[in-house]
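*Asks:* sequence and predicted structure, then a few things I'm wondering about:
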Amino acid sequence: MKTRFSHFHAKTISLFLKYFYIVNSVIKGRHALKISAVI
């Protein structure tokens, strides 16, 4: 049970980090996002 919980916790952390990275890159490079949207 403990290993299962830690595995789930690790998955949640990686998911949160991925989400945070996406949000951060969107905030930092809004103009880059607009350019990619045009292309």
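*Replies:* Done, it's in.

*Asks:* low-confidence ranges in the chain?
*Replies:* 1, 31-37, 39 (pLDDT under 70).

*Asks:* residues near residue 29, how many?
*Replies:* Other residues near residue 29 number 12, with proximity taken as other CB atoms under 10 Å. Just so you know, the C-beta spots here come from the backbone N, C-alpha and C atoms, and that holds for glycine as well.

*Asks:* roughly how far does it sit from residue 19?
*Replies:* Distance, residue 29 to residue 19, by CB to CB, to the nearest Å: 16 Å.

*Asks:* helix, strand or coil for residue 9?
*Replies:* What DSSP: H, G, I helix; E, B strand; the rest coil gives for residue 9 is helix.

*Asks:* buried ones in the strand or helix carrying residue 5?
*Replies:* Using DSSP states H and E, residue 5 sits in helix 2-28. Buried residues in helix 2-28, counted by 16 or more other CB atoms under 10 Å: none are found.

*Asks:* that one: how far from the chain's middle?
*Replies:* In terms of CA atoms, centre = their mean, to the nearest Å, the centre of helix 2-28 is set 6 Å apart from its chain centre.

*Asks:* with stretch 15-35 instead?
*Replies:* Its chain's C-alpha centre and that of stretch 15-35 lie 8 Å apart, by CA atoms, centre = their mean.

*Asks:* heads up, I number from 26, so please use that
*Replies:* Sure thing, new numbering starts at 26, so read that last one as stretch 40-60.

*Asks:* dump that stretch to CSV, restricted to CA.
*Replies:* Below are the C-alpha coordinates for stretch 40-60, written out as CSV (Å, rounded to 0.1, in the frame of the first residue of the first chain):
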residue,chain,number,x,y,z
LEU,A,40,1.8,15.8,-13.8
PHE,A,41,1.9,19.0,-11.7
LEU,A,42,5.4,19.8,-12.9
LYS,A,43,4.3,19.3,-16.5
TYR,A,44,1.2,21.5,-16.0
PHE,A,45,3.3,24.2,-14.3
TYR,A,46,5.9,24.1,-17.1
ILE,A,47,3.2,24.5,-19.8
VAL,A,48,1.6,27.4,-17.9
ASN,A,49,5.0,29.1,-17.3
SER,A,50,6.0,28.8,-21.0
VAL,A,51,2.6,30.2,-22.0
ILE,A,52,3.0,33.2,-19.7
LYS,A,53,6.6,33.8,-20.8
GLY,A,54,6.1,33.2,-24.5
ARG,A,55,2.7,34.5,-25.4
HIS,A,56,3.9,36.0,-28.6
ALA,A,57,5.6,32.8,-29.6
LEU,A,58,2.4,30.9,-29.0
LYS,A,59,0.5,33.4,-31.3
ILE,A,60,3.1,32.9,-34.0
